[in-house]
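A.B. asks: Whatever this is, show me its structure:
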Amino acid sequence: MTAPLSLTRTGIGEPLLLLHGMGSSRRDFAAVVEDLAGTFDVLDVDLPGVGGSPALDGRPTVAAITDAVERTLDAQGAGRVHVLGDSLGARVALELAVRRRARSVVAIAPSGLNLPRERVVQGGGMALARVALRAGRPLVTRLSRSPAGRTALLAPLKARPWSTSAEEAAGAREGFADSRAFWRTLLWGLLLDVPRGLRRIDCPVTLVQGVADWVASGQTARYRPLVPRSRFVPLAWAGHAPQSDRPRTITRLVRETVRAANRPTPGPAHRDEAPGVATAADLAAGRARHRPPERTATAR
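C.D. replies: Model prediction:
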């Protein structure tokens with residue numbers, strides 16, 4: 001059995017799990033984690049083979065990655081959690097919801113529903129980024145020190161890459177250049193993944209996609225008719241990983257979705273009377289049903 005995944009845990013409140021996308025690490029949430037930690041007990045996780053997390057022994061399918069995430073939650077004593085995920089992390093978040101482990105989900109550009117041609121484009125782009133960042137790895141730290149350098153590194157993923165932090169740039173290095181399971185995860189977790197069981201999701205789901213996101217194509221909106229209790233929110237001036245493009249909007253959507261999860265589910269009206277005893281309201285309703293219709297005066 002693979003050891004629990006590496007994570008940082010900060011804040012106090014209901015547990016909120018953060019799941020980054022492929023080509024990044026838990027550093028990708030640097031722009032929002034402090035704000036979220038003011039309200040939630042935030043568990044920011046490195047997915048298998050990234051950062052301090054061990055790679056999986058077997059195929060890194062979405063199901064296997066989700067198993068690893070669940071083991072990590074168990075090790076942390078966390079039961080059902082709220083989840084914010086991006087890309088592959090958003091796909092895992094939906095899988096947690098299928099398994100009834102999520103109380104609410106904000107899924108940013110979840111993978112899994114792109115068409116075959118879109119998968120080829122996405123896979124080719126990810127492979128090219130892996131090769132380029134691995135070859136230029138010694139330059140990444142230097143480029144991450146300036147807005148211009150971060151723009152060069154993160155332009156494919158962000159609409160406002162110059163506004164990102166050096167920590168997010170380091171996340172791209174960890175996710176692309178340093179990942180120990182990149183090619184296997186690209187194949188099994190991204191290109192061959194087909195979501196199943198989405199109708200079993202019983203928690204609120206907010207599907208989010210930046211309008212400047214070319215990586216995910218149109219697949220996020222395709223989840224909308226398949227996931228009960230879901231809504232779709234397009235984000236202007238936002239790319240594939242919009243946590244630093246629109247940080248306040250992302251944290252607002254998380255809080256809105258959590259409130260929806262905590263809202264009492266409507267049920268039958270509660271009555272204190274014993275079963276079979278007619279109440280005054282019942283009698284009045286019965287009289288109303290059996291009362292003959294009133295006649296209205298008509299002009300002669």
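
A.B. asks: switch to C-alpha atoms for all contacts and neighbour counts from now on
C.D. replies: Will do.

A.B. asks: which of the residues in stretch 148-158 are buried?
C.D. replies: Counting neighbours by 16 or more other CA atoms under 10 Å, one finds that the buried residues in stretch 148-158 are G149, R150, T151, L153, L154, P156, L157, K158.

A.B. asks: Could you do stretch 41-56 as well?
C.D. replies: Those would be 41-51, 53-56, for stretch 41-56 by 16+ other CA under 10 Å.

A.B. asks: Among these, which lie within helices?
C.D. replies: Among the buried residues of stretch 41-56, no residue falls in helices (DSSP state H).

A.B. asks: which one among those gets closest to G125?
C.D. replies: V50 (19.0 Å; CA to CA).

A.B. asks: Could you report the neighbour count for the nearest residue to V215 once chain neighbours are set aside?
C.D. replies: Distances taken as CA to CA, 6 or more residues apart in numbering put Q122 closest to V215, at 5.9 Å, once the chain neighbours are dropped. Residues within reach of Q122, counting by other CA atoms under 10 Å, total 20.

A.B. asks: how about Q122, phi and psi?
C.D. replies: phi -60, psi -40 (degrees, to the nearest 10).

A.B. asks: same check, this time on V83
C.D. replies: Dihedral pair for V83: phi -130, psi 130, per degrees, to the nearest 10.

A.B. asks: Distance check, it against D41.
C.D. replies: To D41, V83 is 11 Å away according to CA to CA, to the nearest Å.

A.B. asks: Equivalent analysis for C203, please.
C.D. replies: Separation of C203 from D41 (CA to CA): 19 Å.

A.B. asks: Could you do G123 as well?
C.D. replies: For G123, the distance to D41 - CA to CA - is 34 Å.

A.B. asks: Strands of the stretch 151-300 of the chain, start to end?
C.D. replies: 205-210, 230-235 (DSSP state E, counting those that start in this stretch).

A.B. asks: Tell me which of the ones you listed sits most buried.
C.D. replies: Neighbour counts (mean count of other CA atoms under 10 Å) averaged over each of the strands of the stretch 151-300 of the chain peak at strand 205-210, with a mean of 25.

A.B. asks: Each with direction, which strands does it pair with?
C.D. replies: strand 102-108 (parallel), strand 230-235 (parallel) (DSSP bridges).

A.B. asks: Rebuild the ones you listed as a markdown table, extending it with mean pLDDT.
C.D. replies: A markdown table is the format used below for the strands paired with strand 205-210 (pLDDT from 0 to 100):
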| stretch | mean pLDDT |
| --- | --- |
| strand 102-108 | 98 |
| strand 230-235 | 96 |
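
A.B. asks: any shared contact partners between V83 and D41?
C.D. replies: Shared contacts of V83 and D41 (CA atoms under 8 Å, 6 or more residues apart in numbering): L16.

A.B. asks: Name all residues that make contact with the closest residue to S6 other than its chain neighbours.
C.D. replies: For S6, ignoring the flanking residues on the chain, the nearest one in space by CA to CA, 6+ apart is S53 at 4.8 Å. Residues near S53 by CA under 8 Å, 6+ apart: P4, L5, S6, D46, L47.

A.B. asks: Having no further points to raise, I will conclude here.
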